[in-house]
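Novice: Any chance you can model this:
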Amino acid sequence: MNKQILIIGSGGREHALGWKLKQSPNVEKILYAPGNGGTENNLNLNPTDINGLIKVAKNENCFTVVGSELPLSEGIVDRFLEKDLPIFGPNKGASQ
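Specialist: As a prediction, this is how the structure comes out:
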């Protein structure tokens, strides 16, 4: 089953996560929000625009990986789970 991945953040950590995930034969496409100059398929979305990120994850049927700390501390994982969207990262309480 090929999967699309949404990686949230713009630093080297997110670039490294995407580079490694892209090596999997199960990963079809990786989207970055917002990404950086070294990543492809960058979305013009702020990592704290949780509603916008939820829309993308839902519309693109993505598994989401959060690299950036700020959206974690703002509860992005809790919000995604409320919408039954798959996401990797600690919930708001654990991130603090």
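Novice: mind checking how far stretch 65-75 is from the chain centre?
Specialist: Centroid separation for stretch 65-75 versus its chain: 9 Å, with Cα atoms, centre = their mean, to the nearest Å.
Novice: Lowest-scoring secondary structure element of the protein by mean pLDDT?
Specialist: Across the helices and strands of the chain, mean confidence by mean pLDDT, DSSP states H and E is lowest for helix 92-95: a mean of 93.
Novice: Can you give the contact residues for it?
Specialist: Helix 92-95 has contacts (Cβ atoms under 8 Å, 6 or more residues apart in numbering) with 69, 72-75, 77-78, 89. In this view, the C-beta of every residue, glycine as well, is placed from N, C-alpha and C.
Novice: same thing but 7 Å
Specialist: 72-73, 75, 78 (Cβ atoms under 7 Å, 6 or more residues apart in numbering).
Novice: Can you list the buried residues in it?
Specialist: Of the residues in helix 92-95, Ser95 count as buried by neighbour count, 16 or more other Cβ atoms under 10 Å.
Novice: And it, how far out from the chain middle?
Specialist: Relative to the centre of its chain, helix 92-95 is centred 17 Å away, using Cα atoms, centre = their mean.
Novice: What of stretch 37-47?
Specialist: On Cα atoms, centre = their mean, the centre of stretch 37-47 falls 11 Å from that of its chain.
Novice: Pull up the distance across it, start to finish.
Specialist: One end of stretch 37-47 sits 16 Å from the other (Cα to Cα, to the nearest Å).
Novice: and if you look at stretch 38-46?
Specialist: Across stretch 38-46, the terminal residues are separated by 17 Å (Cα to Cα).
Novice: list the contacts for Leu85?
Specialist: Contacts of Leu85 by Cβ under 7 Å, 6+ apart are 54, 57-58, 64.
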